[in-house]
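> how does the following fold in three dimensions:
(2 chains, ligands or ions: 3)
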Amino acid sequence: MRGVVGVRKREILLGNEAIARGVVEAGCEVASAYPGTPSSEILPAIARFADELGTKTAVEWAVNEKVAFEVAAAAAFAGKRSCAVMKQVGLNVAADALMSVAYFELAGGFLVVVADDPGPHSSQTEQDSRAFAHFAKIPCFDPATAEEARDMVAVAYDLSEKYHMPVMLRPTGRVDHARQDVELREIAAPERPARFTKDVRRWVCLPAHVRLNHPQLNAKNDAIREEFETSFDAFTYEVPAKEKAKLGIVASGVSFAIVSDLLAAWGRTDVALLKIGTPVPLPVRRVESFLARHEKVLLLEETYPVIEEQLRDRTKVLGRWNGAVPREGELLPEVIAGIVARALGEPLPEAVDPSLKAALEELQVKPRPPMLCPGCPHRASFFAIRKAVPNGIYPSDIGCYTLGVNQKMVDSVICMGASVTQPSGFHLAYRVDGKEQPIVATIGDSTFFHMGIPGLVNAVYNRHAFVLAILDNSITAMTGGQPNPAVGEKLRKGDPGRAVDIAGVVRGCGVSFVRTVEAYDIPTGIDVVKEAWEHARREKEPAVVLFRHPCMLLRCEQAKVPVRVDQEKCVGCRFCINFFNCPALRFDEEKKKAFVDDRFCVACGVCREVCPHGAIVPIREEE
Amino acid sequence: MQYVVVGLGGQGILFSSKVLGHIALGRGMHVLGSEVHGMAQRGGSVVSHFKVGNYLSPLVRSGDADILLAFDQNEAFRNLQFLKKGGQAVLNVHAPEALDNAHLRRFCDSRNLRLCAIPGYDILREHMGGRFLFLNVLILGAMCGAGVSDIPMEQMRHAVAELSPEKFREANCRVLELGYGHFTA
Ligand SMILES: Cc1ncc(C[n+]2csc(CCOP(=O)(O)OP(=O)(O)O)c2C)c(N)n1
Ligand code: SF4
Ligand code: SF4
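Numbers count the residues shown, from 1 in each chain, chains lettered A, B, ... in the order given. Ligands and ions are numbered 1, 2, ... in the order given. Below you'll find the model as predicted:
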């Protein structure tokens, strides 16, 4: 099977590493990605395994998902096995290219890995990428475990090459971030030489060609559906009940794993399972046959009813259409336990114990929301912006700095890049009323390259007055610390990149006011942002301030300035808590004073500038 | 054996499941767990799951965990419902008086839970100059010292030494003994 030449030992891998292992084992030679939870660890692991196994694979961070998708697609035009990796909302960005490339007759295998985030834990939507595969008419694999995800990669490449079309692997976060022992294999597929054969009919998506390609795409879907009906039994199979089944369950993805463990824990032998690893195009006959053999069938899939809606007759199905399965949120073990118990007519598992609930209330224990790290440069930048333009509208973007919401400095967020375009809309809304509204938008360095540039050109061209603060921390922090064009580092050993200067790009977009400040230097930050807003309103154009200071994840050496709150000077106004929001600045509810919590303080010293009463003071040596 | 490890983003909780996984694999067992990456890592509440044995799902269901390792006492309390009847917890406490809360004690008694508290911050202030990144090994040591798991301390010592980066090896081993000693000395 799959030309596997050897078996190595088992190793504990993160699901994303298992996927990466599969990609390298399958002989992928061009891999491109943009980071995004829960997909971010895949590409660095591809680079690591490629280094370890000595393959020539090109492994690159792209500036956004559309770029990643197109880079990988063109490599497949040239006959290479390639892959593009992204999170679910990244596919929205790459959607234009995906919809088009689906119609192509590719030369090499092209795998698109799209990680979904039911919950969501780290995303702006809870969308289901399998539905996108369905929309684009490309096949999709839905792994239940990390090891299965790795196995699916090789099969997906074979399918992609057989039908000359992109194939999607759709893990969810629980598969991406599972850690399990996985058997390592050697590289299976031989290298394919780069050979781009010119053929306008094949590579240029003129309407005349699309008219020919669309029926061909439909035929491919029919053929693949038939293959999913009759083979691919490693991923789509039944687990019959040991006795007469009281209930049938169709489950896809990690829901299958959860429900299997649950039935084992409950010792239930009267429930039959149909596992679907190939939800798009759905092998409908398999499901209909299962339905015919069971009185009631529960359908568990995350997060949209993709399998459910491909069924012709849903009358026997307990699913989303009749409210048996919640239409939003993650199908956690506790949720699935409730759904299955209800379907079986058993008593529901107990809810939170009343004495534990009472204890949590009395002890005032609440979940701790995410916060910017102690010492984070963004916190200082936000503070300076508020001081400079206190009555502003503050559109922002996606990154660690979205947590500036805790400082009341993030008023609106849509998706990556929209921090540069929302100010234009706000500006115009007030301008048509003949009013002037101060606006300061914030965007991270990685996000600026991702999708910030078109909006900035648009604002210069149309003369929109606002300040754009680019928060350059020399890293893509939110997703775990990947390099980006401003940094210039690449992933594979011996493959140097080149840094792209943000200020130069901004000037190139036509912005005349571009100033750089050290983010920790709050007084200068205040002056420069004031100046920038004055310039913007006077000249009727966007002005850009670049706040620079490395992210704490980079652990750069910096001066240590231990601080304390002078208990005499502190008046208990909570200003520092409300507008600076460092996890290490806490409030003593009994004494009604702020204090520095040494469990979290990193002695960055920035908060000295914050207290209006001068109560936050450095701890001098002798103290 | 099912573990739940809880704490706050940035406390380095992933290292403890790494050690547990290494030990289990060495004993020829299957391991499966679930980690937290992304937004929640920024100082928020994080829960990671870890199972040893023949499982398919990486998640521990509420009420099924044998052992809870908590890097923060509030996170421990919030996640006590993960423990099964007779389950055990090792928790780092900064305000131990909370353990006397009557409702909390009633809950623990009704489920026969065993809470092993260790004042991790105090210990690390005294012995490690307040470098709280060592909480993870302190808790692993405490877990062995309090007899909460069936992993012998000798095996734990080996695993921690093997998995520690060179730079932290010596200090990690020292802190592991501090955790162990807190319950055995
Ligand atoms: C289209 C899309 N792709 C990826 C992501 C995941 N993501 C969230 S924030 C972020 C990058 C943030 O980096 P940066 O702008 O440098 O800000 P920082 O986190 O460093 O403050 C990414 C890639 C997303 N939300 N949307
Ligand atoms: S990871 Fe970096 S950018 Fe993100 S909150 Fe921490 S210091 Fe700030
Ligand atoms: S010095 Fe101030 S701002 Fe910096 S980490 Fe400590 S309390 Fe927070």
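
> what parts of the stretch 451-600 of chain A come near ligand 2?
Contact residues, the stretch 451-600 of chain A versus ligand 2 (Cβ under 6 Å from any ligand atom): A:473, A:477, A:551, A:552, A:553. The way it works is simple: take the backbone N, C-alpha and C, and place the C-beta from them, glycine included.

> got a pLDDT number for the first one?
Right, the one you point to is residue A:473. With respect to pLDDT, residue A:473 scores 97.

> could you do the third one as well?
At residue A:551, the model reports a pLDDT of 97.

> same deal with the one 5 residues further on?
Looking at residue A:556, its pLDDT stands at 90.

> am I right that it falls within a strand?
No: using DSSP: H, G, I helix; E, B strand; the rest coil, the secondary structure at residue A:556 is coil, not a strand.

> count of neighbours near the closest residue to residue A:319 other than its chain neighbours?
Distances taken as Cβ to Cβ, 6 or more residues apart in numbering or on different chains place residue A:299 nearest to residue A:319, at 4.0 Å, with adjacent residues excluded. The number of residues packed near residue A:299 is 27, by other Cβ atoms under 10 Å in any protein chain shown.

> got it, and residue A:222?
10.

> ok, now residue B:62?
Residues lying near residue B:62 (other Cβ under 10 Å) number 21.

> give the helix, strand or coil label for it.
Assigned by three-state DSSP, the conformation of residue B:62 is coil.

> for it, give its distance to chain A.
5 Å (Cβ to the nearest Cβ, to the nearest Å).

> up against ligand 1, what does chain A have?
Counting by Cβ under 6 Å from any ligand atom, chain A comes close to ligand 1 at A:34-36, A:65, A:87, A:89-90, A:93, A:398-401, A:416, A:444-447, A:473, A:475-479.

> and the residues you listed, which of them are in strands?
Counted as lying in strands by DSSP state E, out of those, are A:87, A:444.

> in chain B, which helix is the longest?
If you go by DSSP state H, chain B has its longest helix at helix B:166-184.

> show me what counts as buried in it.
Buried residues in helix B:166-184, counted by 16 or more other Cβ atoms under 10 Å in any protein chain shown: B:168, B:171, B:172, B:175, B:176, B:177, B:178, B:179, B:180, B:182, B:183.

> can I assume residue B:78 is in contact with residue A:368?
No: Residue B:78 is beyond contact range of residue A:368, at 9.2 Å (criterion: Cβ atoms under 8 Å).

> between those two, tell me which one has more neighbours.
Between residue B:78 and residue A:368, counted using other Cβ under 10 Å, residue B:78 has the larger neighbour count: 21 against 18.

> tell me how many other residues crowd whichever residue of chain B sits closest to ligand 2.
Going by Cβ to the nearest ligand atom, ligand 2 is nearest to residue B:42 of chain B, at 5.2 Å. Neighbourhood size, residue B:42 [other Cβ under 10 Å]: 22.

> ok, residue A:99 next?
Using other Cβ under 10 Å, residue A:99 has 15 neighbouring residues.

> in contact with residue B:84, which residues?
When contacts are counted by Cβ atoms under 8 Å, 6 or more residues apart in numbering or on different chains, residue B:84 touches B:63, B:64, B:65, B:66, B:111.

> in stretch A:598-608, which residues are buried?
Counting neighbours by 16+ other Cβ under 10 Å, stretch A:598-608 gives A:599, A:600, A:601, A:602, A:603, A:604, A:605, A:606, A:607 as buried.

> ok, so of the residues of the stretch 451-600 of chain A next to ligand 2, who is nearest ligand 3?
Looking across those and measuring by Cβ to the nearest ligand atom, the closest to ligand 3 is residue A:552, at 9.4 Å.

> tell me where the stretch 151-300 of chain A has helices.
A:173-176, A:200-203, A:207-230, A:254-266, A:284-293 (DSSP state H, counting those that start in this stretch).

> out of these, nearest to ligand 2?
Taking Cβ to the nearest ligand atom, helix A:173-176 is the member of these nearest to ligand 2, at 19.4 Å.

> does that closest one reach chain B?
Yes: under the criterion of Cβ under 8 Å from any Cβ of the partner chain, chain B is reached by helix A:173-176 at residue A:174.

> and that helix, what does it pack against?
helix A:15-25 (3 or more Cβ pairs under 8 Å, 6 or more residues apart in numbering or on different chains; DSSP states H and E).

> mind checking how far the helix it packs on is from the chain centre?
Centroid separation for helix A:15-25 versus its chain: 18 Å, with Cα atoms, centre = their mean, to the nearest Å.
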